[in-house]
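Participant: predicted model, plus sequence, below.
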Amino acid sequence: MQLADAITRQLGQLADHLAQLPPHEATQVIARVLEPDDGVLGGVTHLVSTSSVFAKIQAERGALPAEVWLALGRAANELDAIGGDLDEHREALRHVSTQPATKTAKPPAPAPLVVRRRR
């Protein structure tokens, strides 16, 4: 329990720290968090998947309701799918995070995040 509590606190600290970082450094952290083999998202996915296996065994013994196992399995599958969706953007994050921080005279134009449809 102490390890889980410590990791939870550190994840909160990481999120708070990320919010304070300059864009270049924040991009580096995000790229690292999303690293599939040894990033935070991959670690959380593995933890939930392992929890699902444990819950399945406990459900088969009657110690846990089967719904717990099913919910953990769905969560593991969803996290894996999210990791897959983010994987297509990993190269862009890695590219930006490896570029030296530069001071530009004019900031880049913001990209539109919402496209309005014409009626």
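Facilitator: The structure has been received and is ready for your questions. Keep in mind that what you see is a predicted model, and the values were worked out from it rather than measured. Numbering: from 1, shown residues only.

Participant: tally of neighbours for T27?
Facilitator: By other CB atoms under 10 Å, 20 other residues sit near T27. (Each C-beta comes from the backbone N, C-alpha and C, glycine too.)

Participant: where's it, which helix or strand?
Facilitator: Using DSSP states H and E, T27 sits within helix 23-33.

Participant: pull out the buried positions in that helix.
Facilitator: T27, Q28, V29, I30, A31, V33 (16 or more other CB atoms under 10 Å).

Participant: show me the helices in the chain, by range?
Facilitator: Here the chain has its helices, by DSSP state H, at 2-20, 23-33, 40-61, 66-98.

Participant: for these, which one sits closest to P110?
Facilitator: helix 23-33 (12.4 Å; CB to CB).

Participant: low-scoring stretches of the chain, by residue?
Facilitator: For the chain, applying pLDDT under 70 flags the ranges 101-109, 111-112, 114-119.

Participant: circling back: could you export the helices of the chain to JSON lines, including columns for distance to L113?
Facilitator: As requested, the helices of the chain are exported to JSON lines (distance: least, CB to CB, whole Å):
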{"stretch": "helix 2-20", "distance to L113": "19"}
{"stretch": "helix 23-33", "distance to L113": "16"}
{"stretch": "helix 40-61", "distance to L113": "22"}
{"stretch": "helix 66-98", "distance to L113": "14"}
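
Participant: got a list of what A31 touches?
Facilitator: Each residue near A31 by CB atoms under 8 Å, 6 or more residues apart in numbering is listed here: R90, L93, R94, V96, S97.
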